[in-house]
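Asker: with the sequence up front, the predicted model follows.
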Amino acid sequence: MLYDFLKRTIDITGSLFALLIFLPVIIVFAILIKLTSHGPIFYSPERVGKEGKLFGMLKFRSMYMYKIKGRMVHAQKYLETNPKLMRAYQKNSYKLQNDPRITPIGKILRRLSIDELPQLVNVAKGDMSLVGPRAYQKDELNYQQRIYPQTKKYVKIIFRARPGASGPWQVSGRSFINFDKRVEMDAQYVKKRSILYDLWIIIKTPFAMITGTGAV
């Protein structure tokens with residue numbers, strides 16, 4: 001299919017070009033992360049990709065590491081041991097306002113979406129696309145579909161495409177959009193996607209990053 005060929009060509013050339021352009025930014029923040037908090041520079045949470053296949057999504061670590069049962073674990077594991085935080089996390093569509101787990105450097109990373117720059121490696125590898133539906137957590141999909149059963153039809157549509165480093169919801173409110181509306185937007189993107197629509201989202205993405213609208 002011509003669309004798939006053009007999209008993959010844009011993904012490979014675009015991700016490699018962006019990695020080259022943002023290399024100084026990546027190096028600077030990698031050093032800052034290492035100097036200001038204990039733990040690895042990168043974090044690779046498991047996400048659901050095309051056809052429901054799982055993959056490790058590369059991100060800058062923006063949260064503290066926590067000691068649990070004698071070993072250091074990522075903040076996501078800490079969340080699972082804190083029922084109060086977990087309830088708030090699930091209630092707010094798997095996001096936390098004023099998240100206490102985020103480091104000072106992490107706040108900057110998230111505000112400007114710099115924590116997501118390493119995802120360009122996933123795009124180059126073929127796990128993701130520059131533009132596509134959100135890369136959801138498996139637990140999030142299972143939980144949210146129980147809360148919003150009408151979204152199951154949208155999730156099936158989303159699985160037809162690679163998740164994107166950017167997408168329609170990221171440039172239209174981001175974290176302020178609830179799960180049910182977010183997956184509906186993602187499904188609409190998959191059904192009507194085109195190269196021109198992808199390019200329009202790519203053009204809008206830097207402005208969403210700069211303004212930080214909806215970022216948490």
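Answerer: Sure thing, it's come through. Numbers count the residues shown, from 1 in each chain.
Asker: okay, CA-based contacts and neighbour counts for the rest of this
Answerer: OK.
Asker: residues contacting the residue nearest the centre of the chain?
Answerer: With distances taken as Cα atoms, centre = their mean, the residue of the chain nearest its centroid is Ala135 (5.7 Å). The contact partners of Ala135, by Cα atoms under 8 Å, 6 or more residues apart in numbering, come to Arg47, Val48, Gly49, Pro163, Gly164.
Asker: quick one: buried residues of the biggest helix by length in the chain?
Answerer: Using DSSP state H to assign secondary structure, the helix with the most residues in the chain is helix 2-36. Using 16 or more other Cα atoms under 10 Å as the burial criterion, the residues of helix 2-36 that qualify are 7-8, 10-12, 14-16, 19, 26, 29-30, 33.
Asker: same question, stretch 127-138
Answerer: Asp127, Met128, Ser129, Leu130, Val131, Gly132, Pro133, Arg134, Ala135, Tyr136, Gln137.
Asker: contact partners for the fourth one?
Answerer: Leu130 makes contact with Asp11, Gly14, Ser15, Leu120, Val123, Gly164, Ala165, Ser166, Ile202, according to Cα under 8 Å, 6+ apart.
Asker: residues near the fourth one, how many?
Answerer: When you say that, I think you mean Leu120. A count of neighbours around Leu120, defined by other Cα atoms under 10 Å, yields 27.
Asker: what does it show for phi and psi?
Answerer: phi -60, psi -30 (degrees, to the nearest 10).
Asker: who touches it in this structure?
Answerer: Counting by Cα under 8 Å, 6+ apart, Leu120 has contacts Ser15, Leu16, Ala18, Leu19, Leu130, Ala165.
Asker: could you look up the SS state of the residue nearest to the centre of the chain?
Answerer: coil (DSSP: H, G, I helix; E, B strand; the rest coil).
Asker: and the gap between it and Glu184?
Answerer: Distance of Ala135 to Glu184, given as Cα to Cα, to the nearest Å: 14 Å.
Asker: equivalent analysis for Phe29, please.
Answerer: Distance from Phe29 to Glu184, by Cα to Cα: 34 Å.
Asker: is it true that Met63 touches Leu109?
Answerer: No. The pair Met63 / Leu109 is not scored as a contact, 10.3 Å apart, by Cα atoms under 8 Å.
Asker: ok, those two, which is more surrounded?
Answerer: Met63 (23 against 20).
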